[in-house]
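Asks: for reference, the sequence and a predicted model appear below.
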Amino acid sequence: MPQPFFYWCCSMDDVLISPRREKNEPMLPPTGLLLPNPSEQATIPGLVKEYGLKRQFFFNSQLFYNDQFFLAGPAVGAPMAAICLEKLIALGARRIVVYGWCGALSPKLRIGELFLPEFGLSEEGTSSHYPTKHTTDPLLRHRLQALLEKAQYSPKTGGVWTTDALYRETRRKVHEYPEQGVFAVDMEYTALEAVARYRQVLLGSVFLVSDELFGDTWEAGYRRKSFRSFSRQVLSLLVSSVHKGTL
């Protein structure tokens, strides 16, 4: 059975390393995008040119920014995603849109559909280190939903199962979790939500369904040209919106 969020951690007084803005690092604009999926990096050069983005060192990832917004990624898996989000917050990020891909656990979600997560079930090892009593502010999710619906998309909603173990997604879990309203699986969501709650920043996620796990065999759609084209289209919409300040 999936386990609800629970937290245990040392007190803040015991923390040895805190995220901070170092000398010569930029102060970022408050709003931007975090792109966990490495496949989205093919779109980045065009966006850098179109919006005149500057580049900043960012661990083993990439960070680009201008006066209106930032783009960061990739950040695969809960630990790396949390590290990147912590640093973005230390540099000034306060409204973070996460755009990534997810797997579908139920026929209610199909390849190529958009999904807005409302809650998560954690099977990753990062979120338990962020003790907090804060809840997630749904403001950014509501704005994302309005944006997608205005663009004539019809995003689905529900829960996300976040796991560290890509190759241990079992058929039993795929069958059981949709009964609890959990329709998608990814590798970062619950960790990012935990960090956002702990640091009290706004975070909203948009997923594009890349594969289906509920059938007799696993079906991958992310290799299709039509899927990649639509993913670029969604990313361009999100970037345009943060550039205009409408999120």
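Replies: Sure thing, it's come through. No experiment lies behind these values; they were computed from the predicted model shown.

Asks: neighbours of Ser39, how many?
Replies: The burial count assigned to Ser39 is 14, neighbours taken as other C-beta atoms under 10 Å. Bear in mind the C-beta positions are built from the backbone N, C-alpha and C, glycine included.

Asks: can you give me the distance of the residue positioned nearest the centre of the chain to Pro74?
Replies: Nearest to the mean C-alpha position of the chain, by C-alpha atoms, centre = their mean, lies Val98 at 3.4 Å. Distance of Val98 to Pro74, computed by C-beta to C-beta, to the nearest Å: 12 Å.

Asks: now do the shared contacts for these two.
Replies: 35-36 (C-beta atoms under 8 Å, 6 or more residues apart in numbering).

Asks: just to be sure, Lys49 is in a helix?
Replies: Yes: under the criterion used here (DSSP: H, G, I helix; E, B strand; the rest coil), Lys49 sits inside a helix.

Asks: so who does it touch?
Replies: Lys49 neighbours (C-beta under 8 Å, 6+ apart): none.

Asks: that one and Gln41, how far apart?
Replies: On the measure of C-beta to C-beta, Lys49 and Gln41 end up 14 Å apart.

Asks: so where is this protein shaky, pLDDT-wise?
Replies: Scanning the chain for pLDDT under 70 picks out the ranges 1-13.

Asks: tell me where it has strands.
Replies: If DSSP state E is used as the criterion, the strands of the chain fall at 31-34, 54-58, 61-65, 70-73, 95-104, 114-123, 156-163, 182-186, 202-212, 219-220.

Asks: wait, which of these is closest to Ala194?
Replies: Among those, strand 114-123 comes nearest to Ala194, with 7.8 Å by C-beta to C-beta.

Asks: ok, and for that closest one, which residues are buried?
Replies: Under the neighbour-count criterion of 16 or more other C-beta atoms under 10 Å, strand 114-123 has 114-117, 119-123 buried.

Asks: now stretch 48-68
Replies: 48, 51, 53, 56, 58, 61-66, 68.

Asks: same question, stretch 197-213
Replies: Quick answer for stretch 197-213 (16+ other C-beta under 10 Å): 197-199, 201-213.

Asks: go on, stretch 29-38?
Replies: 29-37.
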